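>>> Return a 3D structure for these sequence lines:
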Amino acid sequence: MSRVERHAAEEAARMQNSKKENLNNEASSGNVVKKKRKGKLTPFGRFLDIIGTLIMLAALVASLAFTIPRFIGMQTYVVVSGSMEPTIPVGSLVYSKQVEPKKLEQGDVIVFYSSDASLMKGGAASNGAIPITHRVVENRVESSELITKGDANANNDFTPVSYINVVGKVSAHVPGLGLLAVPFATSMGKIAVVMVILAGFLLTEAGNRMRR
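Numbers count the residues shown, from 1 in each chain. Sure thing, here's the model as predicted:
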């Protein structure tokens, strides 16, 4: 290769390297601009992000509180009277699990249907009967019935509870959560829950767009 040809090749290589450097510099500056555009959340944007996240978490926790117990053999009931206060306040959601009635002991809290309710033949399920949550005072195994009492009541319940009317033993309760039971039990309520979760998601998205 002659000196002229060598010089031309070196110049071509130099120009090629210069183009590559320019492209790399442009890419780097573009990344810097993108990072600058992303920036930090504004105070109001952070507020929306926090509120949206809390709404989604609350809806999710409430949904799990109603669905998970069913997979482990528990039933949920809402306390609508103050007969068990202050132990179990009005509006509490109680979780009960099936138990052999003769194994119930004094002090156990149970869910049952009163003997004067209109019960379906052969079990504790009822037609419009309201489940009651009271404490066992005495278990009369020989007559297959329980004597019960509400913690807030002065006297025992007037009518003994037959074993067949016992739904289960209360394993836990969550104050206030029963207020959400009705919405979750209906189709419209479930749709409303989905809408609430969606609203929370939109709030977080709106907050994330508000950056400096």
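>>> At which residues are the strands of this protein located?
Assigned by DSSP state E, the chain shows strands spanning 74-78, 93-97, 109-112, 132-140, 145-149, 161-162, 166-174.
>>> The last one - what's its average pLDDT?
In other words, strand 166-174. Strand 166-174 carries an average pLDDT of 93.
>>> mind checking which of the strands of the chain is nearest residue 186?
Ranking the strands of the chain by proximity to residue 186 (Cβ to Cβ) places strand 74-78 first, at 13.7 Å. In short, each C-beta sits where N, CA and C put it, glycine included.
>>> before we move on, the earlier item: lowest average confidence across the strands of the chain, which one?
Among the strands of the chain, strand 74-78 scores lowest, with a mean of 88.
>>> Which positions in it come out as buried?
Using 16 or more other Cβ atoms under 10 Å as the test for burial, strand 74-78 gives 74, 76-78.
>>> of all the residues you listed, which two lie farthest apart?
The distance between the two most remote of the buried residues of strand 74-78 (Cβ to Cβ) is 14.2 Å, for 74 and 78.
>>> on that earlier part again, looking at the strands of the chain, which is closest to residue 44?
Ranking the strands of the chain by proximity to residue 44 (Cβ to Cβ) places strand 166-174 first, at 33.6 Å.
>>> partner strands of the closest one, parallel or antiparallel?
Here strand 166-174 is paired, per DSSP bridges, with strand 93-97 (antiparallel), strand 109-112 (antiparallel).
>>> CA atoms of the shortest one as PDB?
The reference is to strand 109-112. The C-alpha atoms that make up strand 109-112 are tabulated as PDB, following Å, rounded to 0.1, in the frame of the first residue of the first chain:
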ATOM      1  CA  VAL A 109     -68.200 -18.800  72.300                       C
ATOM      2  CA  ILE A 110     -70.400 -20.400  69.600                       C
ATOM      3  CA  VAL A 111     -72.600 -19.500  66.700                       C
ATOM      4  CA  PHE A 112     -76.100 -21.100  66.700                       C
END
